[in-house]
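> I'd like to go over a predicted model; first the sequence, then the structure.
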Number of protein chains: 2
Amino acid sequence: MAEPIFDRLALIGIGLIGSSVARIARAQGDIARFVVANARTEATLARVAELGIADLCEIDPARAVEGADCVMLCAPVGAYAALAAAIGPHLAPGAIVTDVGSTKQSVIRDVGPHLPEGVHFVPGHPMAGTEFSGPDAGFVELFQGRWCLLTPPPGTDTDAVARVQSLWERCGAMVGVMDPAHHDRVVAIVSHLPHLIAFTICGTADDLADETRQEVLQFAASGFRDFTRIAASDPVMWRDVFLNNREALLEMLARFTEDAQAMARAVRWGDAAYIEDKVLRGRKIRQALIDLHQA
Amino acid sequence: MAEPIFDRLALIGIGLIGSSVARIARAQGDIARFVVANARTEATLARVAELGIADLCEIDPARAVEGADCVMLCAPVGAYAALAAAIGPHLAPGAIVTDVGSTKQSVIRDVGPHLPEGVHFVPGHPMAGTEFSGPDAGFVELFQGRWCLLTPPPGTDTDAVARVQSLWERCGAMVGVMDPAHHDRVVAIVSHLPHLIAFTICGTADDLADETRQEVLQFAASGFRDFTRIAASDPVMWRDVFLNNREALLEMLARFTEDAQAMARAVRWGDAAYIEDKVLRGRKIRQALIDLHQA
């Protein structure tokens, strides 16, 4: 077995992502010698203790990070500023602070200022998830073959970046490094906008008259169902993602809305060639995904 | 084995749906004694002959329906008017004409006037499909546990409706009867709008600058991928569906767009409670689907 990358890993938040990392650390032994789990509620920590996926459960984030050479924020991104303020003074010199949030400019904005000199900051985003949440939802295969994007600020210690990269590679992920603003635009179109659309269409369907709504559920298999799967995600996490990737998300939604209106116009005026061309384009994108082994 | 429902079944169009019905008829023997396949091209018919899923392949729709006691239109709905005009004079007295199109008011408008006195018209819509098309795409399990909606015009012969219902039940489907206008509204929200959105977002992503587009494909697993699956569907079929369910589709898109704009406003102004509420609603709809065994 390879030497563990870290002595003491503190997971601040232990939901789907955090508990998957904890399970992998426990199963493999090559991530960290000791894993501390922190959660917002005693109930969650009690469940983590029952599951036996951490060496120590600690409700106070400031105490959870003490002595840790790696601290990973795994809470909804809207909680990061307060968490960073709480843990900042308690971080060990030379510790690495990383995270798993879906927005990266906001994380740099919210966490960076609270980190003392000598602490290394390596923001990260494992692009993996399911529609389930909480410490029971995690599993060791979650990151297998998935991307994890790191967005270290310029001048970040290269050894710190390499160690976080190793952590994710040992979790089974492929690691890429990206500029945070570029990251936020890419995830706005591949992830945040599809989720916004999925949440929205569920509401649109729910607002229809009672009779139609029942039938929407009854006949959902014809396309609608695929949208509801991603619409079943964690409300607080997604609320925070939307609010913390506002500019990129609104831009992508505006582009999408223009395109949807152009399609509506083609439907209204019977522009068959336009519609057919757009459907063909969808098909080509799907084929490109298959060629890249992403579908 | 039960007696076959029909003596001679003519499938006008033999793609995903038509070839699945043909395969079921061959496998079970209780649908029809003799199956005629018609297609637009000799190449398709040659493939059907190779597959051995029909008793007779006939390129001329007028000849294909001769002597058939059941004729099932399985072509894109935009082709129905011309097909109905071609087959009308050749239909056997007492024959049943049914179809599998995703729009039902347009089918009644386009097919009804071409059917001679004494021919029974039972429009139908099996709500099943995959993103694949053509005679190779069909399979005998396609309709298992799925709904098939029938929209017979008032006064349709009840025995004809019962026989079409039996056909779909023997294919494994659950059968419902619905008013055609109501059908078109329900499918507009559960199927046509999700497809329009999926085609559109593929185009929106494809229009982004080259670098981002590559990354969209690379990181598609985070939500976008779910949308591309349904975007890979048949262009001619979907072009025809959109053009033939125009009013209901445009209404549902308008409702959705209003809701998406309200969400955009909440994101812009930081209305956390609004966003959270919408995500929670998506989750409830998903749960309702699970409770109904539709997800």
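Nice, I can see it.
> from here on, contacts and neighbour counts on C-alpha atoms
Noted.
> could I get the pLDDT score of the closest residue to A:Ala232 other than its chain neighbours?
Nearest non-adjacent residue to A:Ala232, counting by Cα to Cα, 6 or more residues apart in numbering or on different chains: B:Arg283, 4.1 Å away. B:Arg283 is assigned a predicted lDDT (pLDDT) of 86.
> for B:Arg283, grab the count of nearby residues.
With neighbours defined by other Cα atoms under 10 Å in any protein chain shown, the count for B:Arg283 comes to 23.
> contact partners for it?
With Cα atoms under 8 Å, 6 or more residues apart in numbering or on different chains as the criterion, the residues that contact B:Arg283 are A:Thr228, A:Ala231, A:Ala232, A:Ser233.
> okay, and for the stretch 151-295 of chain A, where does confidence drop off?
Within the stretch 151-295 of chain A, the stretches with pLDDT under 70 are A:293-295.
> now do the helices in it.
Under the criterion DSSP state H, counting those that start in this stretch, the stretch 151-295 of chain A carries helices at the ranges A:158-170, A:180-187, A:193-207, A:210-218, A:224-231, A:235-244, A:246-269, A:272-291.
> pipe those into a markdown table and attach distance to B:Val77 per row.
A markdown table is the format used below for these (distance: least, Cα to Cα, whole Å):
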| stretch | distance to B:Val77 |
| --- | --- |
| helix A:158-170 | 50 |
| helix A:180-187 | 37 |
| helix A:193-207 | 25 |
| helix A:210-218 | 22 |
| helix A:224-231 | 21 |
| helix A:235-244 | 40 |
| helix A:246-269 | 15 |
| helix A:272-291 | 13 |
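> closest to A:Cys74 out of those?
Of all the helices of the stretch 151-295 of chain A, helix A:235-244 sits nearest to A:Cys74, with 10.4 Å by Cα to Cα.
> and the closest one, what does it pack onto?
Judged by 3 or more Cα pairs under 8 Å, 6 or more residues apart in numbering or on different chains; DSSP states H and E, the packing partners of helix A:235-244 are helix B:246-269, helix B:272-291.
> what does it rub up against?
Helix A:235-244 is touched from outside by A:75-78, A:102-103, A:106, A:192, A:249, B:267-268, B:270, B:272, B:275-277, B:279-280, with contacts defined as Cα under 8 Å, 6+ apart.
> write out the residues of the stretch 1-150 of chain A neighbouring chain B.
A:Met127, A:Ala128, A:Gly129, A:Trp147 (Cα under 8 Å from any Cα of the partner chain).
> just checking, the third one touches A:Glu141?
No. Using Cα atoms under 8 Å, A:Gly129 is not in contact with A:Glu141; the gap is 10.7 Å.
> higher neighbour count, the two?
Regarding A:Gly129 and A:Glu141, a neighbour count based on other Cα under 10 Å identifies A:Gly129 as having more, with 19 against 15.
> part of a helix, is the more buried one?
No. Residue assignment for A:Gly129, taken from DSSP: H, G, I helix; E, B strand; the rest coil, gives coil, which places it outside any helix.
> which residues touch it?
With contact taken as Cα under 8 Å, 6+ apart, A:Gly129 is in contact with A:Leu16, A:Ile17, A:Leu142, B:Ser222.
> my read is that the last one contacts A:Met127, right?
Yes. Using Cα under 8 Å as the test, B:Ser222 is close enough to A:Met127 to be in contact (6.3 Å).
> where exactly do the strands run in the stretch 1-150 of chain A?
Chain-ordered strands for the stretch 1-150 of chain A, with DSSP state E, counting those that start in this stretch as the definition, fall at A:6-12, A:32-38, A:56-57, A:70-73, A:96-99, A:120-122, A:124-126, A:147-150.
> mind listing what's buried in the first one?
For strand A:6-12, burial by neighbour count (16 or more other Cα atoms under 10 Å in any protein chain shown) applies to A:Phe6, A:Arg8, A:Leu9, A:Ala10, A:Leu11, A:Ile12.
> mean confidence score for it?
On average, the pLDDT along strand A:6-12 is 98.
> what angle sits between that strand and strand A:32-38?
Put simply, strand A:6-12 runs at 20 degrees to strand A:32-38, going by axes from the mean of the first three to the mean of the last three Cα atoms, to 10 degrees.
> what sits against A:Gly172?
So A:Gly172 contacts A:Glu141, A:Phe143, A:Gln144, A:Gly145, A:Arg146 (Cα under 8 Å, 6+ apart).
> any chance of those residues in a markdown table with pLDDT and distance to B:Val241 as columns?
As requested, those are arranged in a markdown table below (pLDDT from 0 to 100; distance: Cα to Cα, whole Å):
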| residue | pLDDT | distance to B:Val241 |
| --- | --- | --- |
| A:Glu141 | 97 | 41 |
| A:Phe143 | 96 | 39 |
| A:Gln144 | 96 | 39 |
| A:Gly145 | 92 | 38 |
| A:Arg146 | 92 | 36 |
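> buried only: go through these for me.
Taking 16+ other Cα under 10 Å as the criterion, what is buried in those is A:Phe143, A:Arg146.
> how about the contacts of A:Gly172, which pair is most distant?
A:Glu141 and A:Arg146 (9.9 Å).
> for the nearest residue to A:Cys202 once chain neighbours are set aside, give its distance to B:Val35.
When the adjacent residues along the chain are set aside, A:Cys202 lies closest to B:Gly282, with 5.1 Å between them (Cα to Cα, 6+ apart). Note on B:Gly282: its distance to B:Val35, by Cα to Cα, to the nearest Å, is 45 Å.
> again, but for A:His114
The value you get for A:His114 to B:Val35, if Cα to Cα is used, is 75 Å.
> which one of those two has more residues nearby?
Neighbours were counted for A:His114 and for B:Val35 using other Cα under 10 Å; B:Val35 has more, 26 against 17.
> distance between stretch A:240-250 and the chain's centre?
Centroid separation for stretch A:240-250 versus its chain: 13 Å, with Cα atoms, centre = their mean, to the nearest Å.
> in CSV, list the C-alpha atoms belonging to it.
Included here for stretch A:240-250 are C-alpha records, laid out as CSV according to Å, rounded to 0.1, in the frame of the first residue of the first chain:
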residue,chain,number,x,y,z
ASP,A,240,-26.1,28.2,-3.0
VAL,A,241,-24.7,27.2,-6.4
PHE,A,242,-27.1,29.4,-8.3
LEU,A,243,-26.5,32.4,-6.0
ASN,A,244,-22.8,31.9,-6.2
ASN,A,245,-22.4,31.5,-10.0
ARG,A,246,-25.0,34.2,-10.8
GLU,A,247,-23.3,36.0,-13.7
ALA,A,248,-22.3,32.9,-15.7
LEU,A,249,-25.7,31.1,-15.0
LEU,A,250,-27.7,34.1,-16.1
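> next, the buried residues of it.
Using 16+ other Cα under 10 Å, the residues of stretch A:240-250 that count as buried are A:Asp240, A:Val241, A:Phe242, A:Leu243, A:Asn244, A:Asn245, A:Arg246, A:Glu247, A:Ala248, A:Leu249, A:Leu250.
> name the nearest residue to A:Ala288, ignoring sequence neighbours.
Spatial nearest neighbour of A:Ala288, excluding adjacent residues (Cα to Cα, 6+ apart): B:Leu217 at 7.3 Å.
> same check on A:Ala64?
The nearest residue in space to A:Ala64 (Cα to Cα, 6+ apart) is A:Glu58, at 5.6 Å.
> cool, and A:Asn245?
Excluding its sequence neighbours, the residue lying closest to A:Asn245 (Cα to Cα, 6+ apart) is A:Thr103, at 6.1 Å.
> the one you found touches A:Asp184, doesn't it?
Yes. Shown here, A:Thr103 and A:Asp184 form a contact pair, counting by Cα under 8 Å, at 5.9 Å.
> give me the common contacts of those two.
A:Asn245.
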